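J.: Dropping a prediction and its sequence here:
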Amino acid sequence: MAKGFSIRARCRNFRWPRDRGTPEISGPAAGAKRRFVDWAVSKLLFVGALAAIVTVFFIIAFLLRDGYQIVLETGLWNFLTGMEWNPTGRSPAYGVFPLITGTLLVMALAMVIAVPLSIGSAVFIAEIASPGMKSVIKPAIELLAGIPSVVYGFFGLILLTDWIRVAFDQPSGSSWLAGSILLAIMSIPTITSVAEDAISSVPREFKEASLALGATHWQTIRRVIVPGALSGISAAIILGMGRAIGETMAVLMVTGNAAVIPDPLYDVFSPVRTLTGTLGIEMGEVAFGSTHYHALFGVAVVLLFITLAINSAARVIITRIQGAQSIARSTPSGWVRAAIQRSTPYRAIAGTASRITHAVSAPFGRLVHPRTSQRCAFLLISLAVAIVIVILGVILFEIVVNGAGAITWEFLTGSPKDLGRAGGIFPAIVGTFYLVGGALAIALPLGIATAIYLIEYTADTQLTRGIRTAVDLLNGTPSIVFGLFGFAFLVLFLGFGVSLIAGQITLGLMILPTIIRTTEEALRSIPGSLREGSYALGATKWQTIWRVVLPPALPGILTGAILSIGRAAGETAPIMFTAAIFSSRFLPSSLTEPVMALPYHLFVLTTTVPGAATQSYGTAFVLLMLVLMIYLAAILVRRRYSPAKVM
Amino acid sequence: MAGKSLSKTSTVAVAGIFVVLLMVAGCLGNEQATTPERITVTGSTTVLPIAEQAREAFEAQDASAEIMVSGGGSSVGVKAAGEGTAEIGMSSRDLKDAETTGYPDLVKHHIADDAILLIVNPANNVESLTLDQIRGIYNGTYTNWNQVSGSEAQIVVVGRDSASGTREFFSEFVMDGEDFVRTQEEFNSNGGIQQKVSQTPGAIGYAGLGYTEGVKALRLNVDGTDVEPTFQNITDGTYPVSRPLYMLTNGEPEGLTQRYIEFILSAEGQEIVASEDYIPLRG
């Protein structure tokens, strides 16, 4: 029971005395059976968690093994600092320095664009918007996250780069700026929703106290609420950076992919090439086992280390903000609540106020009257929201206008003919459902078991922290790496061939980290007092988890699962080498057969089939509708159940 | 407690989704009364349109055949054919040393040729270039269109990714192995290049014969005479830039694999090749 107790000791919101004896004391016969169930379940969960964790480390080891080869072949220093990436030149060069620079530049500018817009939107949703407005804007911004990245790339290639070329009078629009704008748009929903979560969970009393002291609403936001939510906001930014750094398909379509360092370094119109773009653009054609192939795995490993560095930096920052006694938690609202509960309000505010206020509201100095500065600030914040909404509108409008025309009964129910220029996409729609269903069937039990085991059965030790770091790493791993892993391990080594099952497992692994993290977060948000109460009534650990902890955590888990479905449905790279075929006469009848899938179909139509523009838009439209419906479901589920959530 | 009712509702919802999926699966099962002979064709996306159109025509003649076509890239094709995960691999480049040693049994079937056209934006007033000028543009000697008898505008050099078979061929044939200018913008598909060139006035790129919508194909100045990249000129070799496309099998093909490849090589198959804007084999 020592383990159980340490867990309970970790739980927050204690309202009852902690030490109330061993919870297992109960009637002898029933007790034995319950103890057995309890024991069996804990072992099962352990096995589930072990499987998930072994897989996580297995994928990382797989990357390192192939990536290490390039170090042997060119030397670590040459690889990392080489200024030239020219694998097929007369004298091949494998220097990734321009790629690292490109990745960091694109990400940095994306954050410069996204952070003010997202935090503005988050403040607007949490503090300024009326409830009616909030219920419209919040889902609208989250819908941005549901747009598949191929669709973003498609949009970026056709509209964004052209706009940059004309608006800034440049010879070419494919540029650092285009990549950053696109990544900013893609990371806005992540940053906004996590930051909004953090801002909303700042206790009401803080705000009331500030207003009672005569501060304006804006002063309260700036001096009290934002500083109180600071750790959650930093976490939001880190998550956004993770999303930005791992993005492949959209980025490679708009940055121009020239492996040069912008000259001068601030030339945002220069083409750049990112690490992920390099993987996405070259992986399909490179000869397996060649130096070039190993170099690409080296690129993947570099990417992994950058993700690791960002995660570690985040931990350090957050630990520092929260003070020495706190333990870095891997999810934002956990951080926020922990910060608030562990430190006195004064300390939280005083310690961080000066730093954040400078960042957030530098333009409004003391010279301006508080009312005026409030008006200016709210205007700017509303502007941020308006920009985000307009972006969403433009993307949706473009795809709906061009895609809706392609939708006919035959298009939805027929098989493709003439390379997809005629006929329909029914097998692709069904294939997408199969893939996503299978991925979920694999990832959901594993992920939930792992999360329950990590939260309810283990203490916060070095080991669990290591596991969480690995899960975070996997979360930031570009999807194309999962595709490679699936191809090398499932398709070739295990001999599954290009098949439904290989695709399902690959997609399942890809969404596993998301499911583990969201489930962990949902479980953490259940107050320890509920568990205490259950134990006090004589329930066993498993009974407590099953009857008391899981039901209120379900909406959170479900939201995570549905968001994962959206991601799995829209991904191209993981299924490209493992499961997808361009065409098949029959729908698959067993797990060993390959399938058609919507994102892959769209990818081939836009890149390989001339004269299929209408069908491309139509496929994009169907894919978008499918993913958006899933997201809408997630939003409805959450809206319906969040009042019931025990806070 | 509210939590309980929600867990029931969502269980029902999830169960509902699975039931629907199962029903769909059930319907599909019925369609397949006989077990057809089945092969998988995978690899280069450049060859994919040929394989796909040939599949449609072939299956119309042979009801028991089931051919599944997918893309992924030439190396996927080589690897899949070599490892036996697919019966046929498609490749738009020749085998690399690492691949011939790794899979010594691979047999190449030359099924068609792919022309490579130089394309520029329709607004560009340049109509033809010599191979030397093209090399100069791609290695960075010329950076403005007025250096190659065009109007004053910066040249935006667009090419394929460094793993591409098209680029490899271009590099050998046009560039003579010289390195490309480092500011070259790279795309991983013909469609991407076509899209880019069609909306960028100063751009030049190269792509297959089928990708000329919205762009202008340049004439090639060979020994003082301009050669238009027409189907006729490419087929008889007057327009000199084209490269072979392959299907790969592990050992000599048998059964359906053999019949399918023979079909593509037949007159009817080569008509399909031509109809997709590839170049049929001569003779």
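T.: Perfect, I can see it now. Quick caveat, the model's predicted, so the values are computed rather than measured.

J.: show me the contacts for B:Glu152.
T.: Contacts of B:Glu152 were listed using C-beta atoms under 8 Å, 6 or more residues apart in numbering or on different chains, and they are B:144-146. (Glycine included, C-beta is placed from N, CA and C.)

J.: show me what contacts the residue of chain A found nearest chain B?
T.: Relative to chain B, the nearest point of chain A is A:Gly284 (2.7 Å; C-beta to the nearest C-beta). By C-beta under 8 Å, 6+ apart, the contact set of A:Gly284 is A:576-577, B:45, B:72-76, B:163, B:188.

J.: Am I right that it is in a strand?
T.: No. Per DSSP: H, G, I helix; E, B strand; the rest coil, A:Gly284 lies outside any strand segment and is coil.

J.: Quick one: the contacts of A:Gly284 as a markdown table, columns for distance to A:Ser616 too.
T.: A markdown table is the format used below for the contacts of A:Gly284 (distance: C-beta to C-beta, whole Å):
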| residue | distance to A:Ser616 |
| --- | --- |
| A:Met576 | 17 |
| A:Phe577 | 22 |
| B:Thr45 | 15 |
| B:Gly72 | 19 |
| B:Gly73 | 20 |
| B:Ser74 | 23 |
| B:Ser75 | 25 |
| B:Val76 | 22 |
| B:Ala163 | 24 |
| B:Asn188 | 16 |
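
J.: Just the buried subset of those, written out for ChimeraX, thanks.
T.: The buried residues among the contacts of A:Gly284 can be selected in ChimeraX (16 or more other C-beta atoms under 10 Å in any protein chain shown) with this line:
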select /A:576,577 /B:45,72,73,74,75,76,163,188
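
J.: With distance to A:Ala51, secondary structure and pLDDT as extra columns, can I get the contacts of A:Gly284 in a markdown table?
T.: As requested, the contacts of A:Gly284 are arranged in a markdown table below (distance: C-beta to C-beta, whole Å; DSSP: H, G, I helix; E, B strand; the rest coil; pLDDT from 0 to 100):
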| residue | distance to A:Ala51 | secondary structure | pLDDT |
| --- | --- | --- | --- |
| A:Met576 | 26 | helix | 82 |
| A:Phe577 | 23 | coil | 78 |
| B:Thr45 | 36 | coil | 81 |
| B:Gly72 | 29 | coil | 75 |
| B:Gly73 | 32 | coil | 79 |
| B:Ser74 | 36 | helix | 84 |
| B:Ser75 | 31 | helix | 81 |
| B:Val76 | 29 | helix | 81 |
| B:Ala163 | 35 | coil | 74 |
| B:Asn188 | 35 | coil | 80 |
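
J.: Closest to A:Arg371 out of the contacts of A:Gly284?
T.: A:Arg371 lies nearest to B:Asn188 out of these, by C-beta to C-beta, at 55.1 Å.

J.: wait, doesn't the closest one sit right on A:Thr607?
T.: Yes. Counting by C-beta atoms under 8 Å, B:Asn188 does reach A:Thr607; the two are 7.4 Å apart.

J.: Could you look up the SS state of B:Lys108?
T.: Classified using three-state DSSP, B:Lys108 is strand.

J.: Repeat that for A:Ser180.
T.: Quick answer, by three-state DSSP: A:Ser180 is helix.

J.: number of nearby residues for it?
T.: 26 (other C-beta atoms under 10 Å in any protein chain shown).

J.: Likewise for A:Arg371?
T.: Around A:Arg371 there are 10 other residues, counting by other C-beta under 10 Å.

J.: Quick check: the gap between the closest residue to it other than its chain neighbours and A:Ile381.
T.: Among residues not flanking A:Arg371 along the chain, A:Thr216 sits closest, at 6.7 Å (C-beta to C-beta, 6 or more residues apart in numbering or on different chains). For A:Thr216, the distance to A:Ile381 equals 14 Å [C-beta to C-beta, to the nearest Å].

J.: out of these two, which sits in the busier spot?
T.: A:Ile381 (24 against 17).

J.: I'd like to know how far the residue of chain B found nearest chain A sits from A:His292.
T.: Nearest residue of chain B to chain A: B:Gly73, at 2.7 Å (C-beta to the nearest C-beta). Distance, B:Gly73 to A:His292, using C-beta to C-beta: 13 Å.

J.: who touches both of these two?
T.: A:286, B:163.

J.: For the closest residue to A:Gly82 other than its chain neighbours, the count of nearby residues, please.
T.: Leaving aside its chain neighbours, A:Gly82 sits nearest to A:Gly95 (1.9 Å; criterion: C-beta to C-beta, 6+ apart). Here the count is done by other C-beta under 10 Å, and A:Gly95 has 19 residues near it.

J.: just B:Ala267 next, same as before
T.: Neighbours of B:Ala267 (other C-beta under 10 Å): 7.

J.: A:Phe586 too?
T.: Residues near A:Phe586, counting by other C-beta under 10 Å: 15.

J.: On the three-state scheme, it is what?
T.: coil.

J.: what do you get for A:Tyr617?
T.: helix.

J.: what's the spacing between it and A:Val136?
T.: 27 Å.

J.: quick one: which of the two has more around it?
T.: A:Tyr617 (24 against 11).

J.: Pretty sure that one sits against A:Val400.
T.: No. A:Tyr617 lies out of contact with A:Val400 (C-beta under 8 Å); the separation is 9.2 Å.

J.: List of residues touching stretch B:92-101?
T.: Contacts of stretch B:92-101 from elsewhere in the structure, counted by C-beta under 8 Å, 6+ apart, are A:285, A:287-290, B:44, B:46-47, B:74, B:78, B:82, B:106, B:108, B:114, B:164-166, B:168-169, B:243-246, B:248.

J.: ChimeraX command for the buried members of the residues you listed?
T.: The following ChimeraX line selects those of those that are buried, judged by 16+ other C-beta under 10 Å:
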select /A:285,287,288,289,290 /B:44,46,47,74,78,82,106,114,164,165,166,168,169,243,244,245,246,248
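
J.: who in the stretch 101-250 of chain B is up against chain A?
T.: B:102, B:153-156, B:161-165, B:167-168, B:171, B:177-180, B:182-192, B:194-196, B:199-203, B:210-211, B:213 (C-beta under 8 Å from any C-beta of the partner chain).

J.: What's the mean pLDDT across stretch A:504-518?
T.: The average pLDDT within stretch A:504-518 is 89.

J.: tell me which strands and helices the helix or strand containing A:Leu383 is in contact with?
T.: Here A:Leu383, judged by DSSP states H and E, is contained in helix A:370-404. Contact partners of helix A:370-404 among helices and strands, from 3 or more C-beta pairs under 8 Å, 6 or more residues apart in numbering or on different chains; DSSP states H and E: helix A:97-123, helix A:131-146, helix A:149-155, helix A:176-200, helix A:217-220, helix A:613-641.

J.: thought B:Gly159 was touching B:Gly205?
T.: Yes. Counting by C-beta under 8 Å, B:Gly159 does reach B:Gly205; the two are 6.7 Å apart.

J.: Find the residues that touch each one of the two.
T.: Common contact partners of B:Gly159 and B:Gly205 (C-beta under 8 Å, 6+ apart): B:Ile193.

J.: who has more neighbours, those two?
T.: B:Gly205 (28 against 24).

J.: Okay, strands next: where are they in the stretch 101-250 of chain B?
T.: B:106-115, B:117-120, B:128-130, B:156-160, B:185-187, B:203-207, B:216-217, B:219-222, B:225-227, B:242-250 (DSSP state E, counting those that start in this stretch).

J.: Which one, of those, ends up nearest to A:Val71?
T.: When these are compared (using C-beta to C-beta), the closest one is strand B:185-187, at 25.3 Å.

J.: Find the nearest non-adjacent residue to the residue nearest to the spatial centre of chain B, please.
T.: Chain B has B:Thr46 as the residue nearest its centroid, 1.0 Å off, counting by C-alpha atoms, centre = their mean. Counting by C-beta to C-beta, 6+ apart, B:Ser92 is the residue found nearest to B:Thr46 once chain neighbours are left out, at 4.1 Å.
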